[in-house]
Each structure stands twice: as C-alpha cells, then as structure tokens.
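Peer 1: Dropping a prediction and its sequence here:
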Amino acid sequence: MAGGRPGRRGVVLMLFAALMLAVGSFLVWQGLDRADKWSSILGAFLNLAAIALALVQAPKMRKAPPHPRPAGASDVTNTISGIVGGSAIQARDIHLGFDSRKPAEPEGDAESGKEEIP
C-alpha cells in the first residue's frame, strides 16, 4: 500500500465482503421461507456462472505442444552393471574433488610394495 491506498487485492476483498453483507442482510430481511427460495435461485445462477467461467478458461489450460528436440540431442540410456555396494547415483555433470578417471596413486613406497602406516 503506497500512501495509504488499498491495493487491488484489498479493494476486491472489501467489495466481496460488502456484497456478502448485503446478501446476508437481504436474506435475513426476507424471512426463513423466502430466504430459502432466494438462496436456491442465487445458487443456481452462481453454478451457471462457474460453468461459464470454466468454459472460458478451458482453452487456456490446454497443454502446449512439446518443444522440438534440440539439434545434436540423442537418446540417453543410463545403466548400472556389476555389484553396487551402497547408493548408486546417476546424474549429469558431477564434479568430484578428484579426477575419477585416473587410477588412485598407491600410498607408501612404490618400489618395495610396502605401505606406510602412520
């Protein structure tokens, strides 16, 4: 709210509240039997308005046609073979803290084959 003016949402809310108060007052003024008849009539018109609104909105809600496949795209098949102990993660562009394509360097003295134990 800029400068104390209610926004569009506030105006709509106030109009709705005023309309509900007016309809409620009218129905109380009519008495129980006539209010029941008026409520049935108002309900029928509200249902017709809802159906009309649904018919207007239906074309807008149709699913858009799928986008064409980008040039150079191909089908991808993800497979896991062998024995997997623990979780198997399949993803695109995983960046590890090391190069997973290089074999790990053995720890210790490579010539003697003995491993250093700290």
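Peer 2: Structure's in. What do you need?

Peer 1: Once you drop chain neighbours, what's closest to Gln90?
Peer 2: In space, not counting the residues next to it along the chain, Gln90 is nearest to Asn78; the distance is 4.9 Å by Cβ to Cβ, 6 or more residues apart in numbering. Quick note: C-beta positions are derived from backbone N, CA and C, even for glycine.

Peer 1: three-state assignment of that neighbour?
Peer 2: In the three-state summary, Asn78 is assigned as coil, counting by DSSP: H, G, I helix; E, B strand; the rest coil.

Peer 1: measure Trp29 to Ala44 for me?
Peer 2: 21 Å (Cβ to Cβ, to the nearest Å).

Peer 1: Could you do Ser25 as well?
Peer 2: The separation that Ser25 has from Ala44, given Cβ to Cβ, amounts to 21 Å.

Peer 1: Check Ser74 too.
Peer 2: Distance from Ser74 to Ala44, by Cβ to Cβ: 57 Å.
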